[in-house]
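Novice: generate a structure from the sequence data that follows.
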Amino acid sequence: MPELLRWRIKATPAAEAYRHFDADAGRWVGQSWQEIDAEFELWRRALAAECLAPGERVAILMPNGIPHVAMDQAALSRGLVPVPMHAVDNPDSIAYILADSGALLLFVDSLARWQAIVATGQRLDHLKRIVCADAAGLAAADARVVALDQWLAGAPGATAPLPDVAVNPDDLAAIVYTSGTTGRPKGVMLSHDNIIANVKAIAHRIAASPEDVFLSFLPLSHTFERTGGYYYPIAAGACVAYARSVPLLSEDLKQVRPTVLISVPRIYERIYALIMQHRATAGAVERALLDLTLAIGGRRFDARQGHGARSLRERLAWPLLKRLVADKVLAQLGGRLKVAVSGGAPIAEPVIRLFLSLGLDVLQGYGMTETSPVVSVNTIEDNDPHSVGHVLDGIEVRLGDNDELQVRGPSVMLGYWHKPDETRRVKDADGWLHTGDQARIDNGRITITGRIKDILVTSTGEKIAPVDLETAILADPLFEQALVVGEQRPFLTALVVLNARAWVQEKERLAASGKQGGAAERAALLARIAAAVKAYPSYATPRAVWWTLDPWTIAAGLLTPTLKNKRPALEHRFADEIAQIYAKKPLTSS
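Specialist: As a prediction, the model looks like this:
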């Protein structure tokens, strides 16, 4: 990994490497590869002064940005092992990861965050140094704690660059902890070879260039962002701009105007919801233009993929519709996007079809932390939105029992940190990783059909993948979050968090038609849920619904830091509500 950065700096020293927003100057500031190397050198020297031995762990609890990358690169250059942690994770989970990894140094965003970690009561005596980016209020109570500026200022000077510590391909390049949807997170051990192999395979499938600009907002503790939005741009020589925050993402997209976007489905779902909400309140002409654009644009996409043909009238109409509608919508994403990649979870078909119909190539892919992470991805020329694309070069896939997808190749993890039994359960002696995902494979193209552990079995014996239903429900802009339950129950129930603005509009619509009260609202919600899941068998349609306007959060322990449902935690939190639903006769929509 250090060699990759050194190679890039030598290849394009003057090209823009990183961009960030300078709040004091009120503008975006770029740095070349040569300039960023000079900055990283100070971090390398400060870390070298800690005298940590190769293989020891450095924990990074920072939001996305150059300081996070600087510590990561400094650790790699010293033969140390970065342990990236989710900046929005709760203190108990962070304390567990610090203890489990045995990290000797922690780089944390603030003294207040460190104090919250200490307050958990977890013994962290092994930590030798805590570097705080914001050390406001720092007292001398703990000699291990130092402010970042003081830590960097104490780095020994030198006239020549500090040589990198030699590493082997099988040495650890990171311990990345899984999100822990069903229990404590596990530390996935990724080697230098694992990551480099995945970067090379991605570059062979999707070629970025030094002219490209990535906008980074997914957490760097997420392997999808770490490989695809951090290491891969180094290999490609592309610029990475660091978004200020998710609330400012819309503004940052317009200002940075990225050419490549890497995201989880939730971001695309939110944009889709805004477009659909605008459509609902738009005038007849504007609504008709949008619908016509999506219809003709959809057929245009299908024709590009070799399915069907467009009429002369549609080919002539598209340039006008593109200028009047599609370009204006995509301008909200900066207007320069060449490709957008979606991964980390399934994306609903109506959501991805909208963007494809507007002319934005959204490529769905598949991977796991345990595979560094990318296993497969679609391409612009061969894009099947129902699938997660063809397997990357150098990676083997097969189906095992219960149609479980199994993966083997150079990007498959070494194993779980200090968990040999867990490792043997998922990685067999021949190197095949058992993903736990059910799939179909057609001529190398993978379609994920469900998650084995997440399959619900009703009391009537029907087997249902709840994540698929939840994804479909979230394609309706009324629903912000969804959980489908029904294990060993006679029918399914949907627990949903509603979009407050859309719910007001829905209740106004009900009132205008003379329908008010809980029963009418419940029937309306069930009708919309039924419409969202109409592609699934009738037994997969939820027959009861419970709703709230209070979002499920990471802080409450209901979501993982990557915004996935913690199903056991949610079912425990709403156990009384679920029990009450099943104690009654199910309500159905008319």
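Novice: show me the shaky parts of this protein.
Specialist: 140, 180-183, 585-590 (pLDDT under 70).
Novice: and if we set it to 50?
Specialist: 586-590 (pLDDT under 50).
Novice: the domain parsing of it - what is it?
Specialist: Per automatic domain parsing, the structural domains of the chain span 1-15+30-167, 263-452, 455-582.
Novice: is it possible to get a markdown table of those domains that adds distance to Asn194?
Specialist: For glycine as for every other residue, the C-beta is placed from the backbone atoms N, C-alpha and C. Shown next, in a markdown table, are these (distance: least, C-beta to C-beta, whole Å):
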| stretch | distance to Asn194 |
| --- | --- |
| domain 1-15+30-167 | 10 |
| domain 263-452 | 5 |
| domain 455-582 | 20 |
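Novice: quick one: secondary structure of Ala280?
Specialist: helix (DSSP: H, G, I helix; E, B strand; the rest coil).
Novice: want to throw the domains of the chain into TSV with mean neighbour count?
Specialist: Shown next, in TSV, are the domains of the chain (neighbours: other C-beta atoms under 10 Å):
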stretch	mean neighbour count
domain 1-15+30-167	18
domain 263-452	18
domain 455-582	17
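Novice: and of those domains, who's closest to Tyr231?
Specialist: Nearest to Tyr231 among the domains of the chain is domain 1-15+30-167; the distance by C-beta to C-beta comes to 7.1 Å.
Novice: so in this structure, which helix runs the longest?
Specialist: Among the segments of the chain that qualify as a helix by DSSP state H, the longest is helix 284-304.
Novice: what's that helix packed up against?
Specialist: helix 265-281, helix 312-321, helix 349-357 (3 or more C-beta pairs under 8 Å, 6 or more residues apart in numbering; DSSP states H and E).
Novice: out of everything not next to it in sequence, what's closest to Ala535?
Specialist: The shortest distance from Ala535 to any non-neighbouring residue, by C-beta to C-beta, 6 or more residues apart in numbering, is to Ala472 (7.2 Å).
Novice: next secondary structure after the helix or strand containing the one you found?
Specialist: For Ala472, the host element (DSSP states H and E) is helix 466-473. Following helix 466-473 in sequence order, the next helix or strand is strand 479-485 (DSSP H and E).
Novice: so which of the domains of the chain is nearest Phe21?
Specialist: domain 1-15+30-167 (9.7 Å).
Novice: circling back to that earlier point, now the longest helix of the chain against helix 265-281, angle please.
Specialist: 140 degrees (axes from the mean of the first three to the mean of the last three C-alpha atoms, to 10 degrees).
Novice: list of residues touching stretch 271-291?
Specialist: Contacts to stretch 271-291, defined as C-beta atoms under 8 Å, 6 or more residues apart in numbering, come from residues 321, 324-325, 329, 332-333, 350-351, 354-355, 475, 477, 499, 501-502, 505.
Novice: kindly recompute the last result at 6 Å.
Specialist: Val325, Val351, Leu354, Pro477 (C-beta atoms under 6 Å, 6 or more residues apart in numbering).
Novice: strands of the stretch 101-250 of the chain, start to end?
Specialist: Secondary structure of the stretch 101-250 of the chain (DSSP state E, counting those that start in this stretch): strands at 105-110, 129-134, 145-147, 172-177, 187-191, 213-216, 239-242.
Novice: to Ala527, which of the ones you listed lies closest?
Specialist: strand 213-216 (37.9 Å).
Novice: buried ones in that closest one?
Specialist: The neighbour-count check on strand 213-216 (16 or more other C-beta atoms under 10 Å) flags Val213, Phe214, Leu215, Ser216 as buried.
Novice: which residue lies closest in space to the third one, excluding its sequence neighbours?
Specialist: Read that as Leu215. Pro258 (3.9 Å).
Novice: next, that neighbour: secondary structure please.
Specialist: Three-state call for Pro258 (three-state DSSP): coil.
Novice: how many residues are close by it?
Specialist: Here the count is done by other C-beta atoms under 10 Å, and Pro258 has 24 residues near it.
Novice: what distance do you get for it to Gln364?
Specialist: For Pro258, the distance to Gln364 (C-beta to C-beta, to the nearest Å) stands at 19 Å.
Novice: likewise Asp454?
Specialist: In terms of C-beta to C-beta, Asp454 sits 19 Å off from Gln364.
Novice: again, but for Arg266
Specialist: 14 Å.
Novice: let me see the contact set for the most centrally placed residue in the chain.
Specialist: The centroid of the chain falls nearest to Val264 when counting by C-alpha atoms, centre = their mean (4.1 Å). Listed by C-beta under 6 Å, 6+ apart, the contact set of Val264 reads Gly344.
Novice: relative to Lys200, which of the buried residues of strand 213-216 is nearest.
Specialist: Among the buried residues of strand 213-216, and counting by C-beta to C-beta, the member closest to Lys200 is Phe214, at 17.9 Å.
Novice: does the closest one touch Ser263 like I think?
Specialist: No: contact criterion C-beta atoms under 6 Å: Phe214 and Ser263 do not qualify, at 11.0 Å.
Novice: helices of the stretch 51-200 of the chain, residue ranges please.
Specialist: 66-77, 91-101, 111-118, 148-153, 192-205 (DSSP state H, counting those that start in this stretch).
Novice: so which elements touch the first one?
Specialist: Here helix 66-77 touches helix 33-48, strand 57-61, going by 3 or more C-beta pairs under 6 Å, 6 or more residues apart in numbering; DSSP states H and E.
Novice: do the third one as well
Specialist: With contacts defined as 3+ C-beta pairs under 6 Å, 6+ apart, the secondary structure elements packing on helix 111-118 are helix 91-101.
Novice: which residues are contacting the helix it packs on?
Specialist: Applying C-beta under 6 Å, 6+ apart, the contact partners of helix 91-101 are Arg57, Ala59, Val83, Met85, Ala116, Ile117, Thr120, Gln122, Leu124, Ile175, Tyr177.
Novice: also stretch 175-191?
Specialist: Applying C-beta under 6 Å, 6+ apart, the contact partners of stretch 175-191 are 81, 83, 97, 101, 170, 172-174, 223, 369-370, 372, 413-417, 560, 562, 564, 566, 568.
Novice: in that stretch, which residues are buried?
Specialist: 175-181, 185-191.
Novice: next one: the longest strand that the chain contains to chain centre, how far?
Specialist: Secondary structure assigned by DSSP state E gives strand 433-442 as the longest strand of the chain. Here strand 433-442 is found 20 Å from its chain centre; the criterion is C-alpha atoms, centre = their mean, to the nearest Å.
Novice: report the backbone C-alpha coordinates of that strand in PDB.
Specialist: Extracted in PDB, the C-alpha atoms of strand 433-442 (Å, rounded to 0.1, in the frame of the first residue of the first chain):
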ATOM      1  CA  LEU A 433     -15.800 -17.800   1.600                       C
ATOM      2  CA  HIS A 434     -19.400 -18.600   2.500                       C
ATOM      3  CA  THR A 435     -21.100 -15.200   2.100                       C
ATOM      4  CA  GLY A 436     -24.500 -16.100   3.600                       C
ATOM      5  CA  ASP A 437     -26.200 -14.600   0.600                       C
ATOM      6  CA  GLN A 438     -28.400 -16.600  -1.800                       C
ATOM      7  CA  ALA A 439     -27.800 -16.000  -5.400                       C
ATOM      8  CA  ARG A 440     -28.300 -17.000  -9.000                       C
ATOM      9  CA  ILE A 441     -25.300 -17.100 -11.400                       C
ATOM     10  CA  ASP A 442     -26.000 -16.800 -15.200                       C
END
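Novice: so which elements touch that strand?
Specialist: Taking 3+ C-beta pairs under 6 Å, 6+ apart as the contact cut, strand 433-442 packs with strand 404-408, strand 445-451.
Novice: could I get the CA-only coordinates of the shortest one as PDB?
Specialist: In PDB, the C-alpha atoms belonging to strand 404-408 read as follows (Å, rounded to 0.1, in the frame of the first residue of the first chain):
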ATOM      1  CA  GLU A 404     -25.400 -19.800  -1.100                       C
ATOM      2  CA  LEU A 405     -22.900 -17.600  -3.000                       C
ATOM      3  CA  GLN A 406     -19.300 -18.600  -2.300                       C
ATOM      4  CA  VAL A 407     -16.300 -16.600  -3.300                       C
ATOM      5  CA  ARG A 408     -12.600 -17.400  -3.700                       C
END
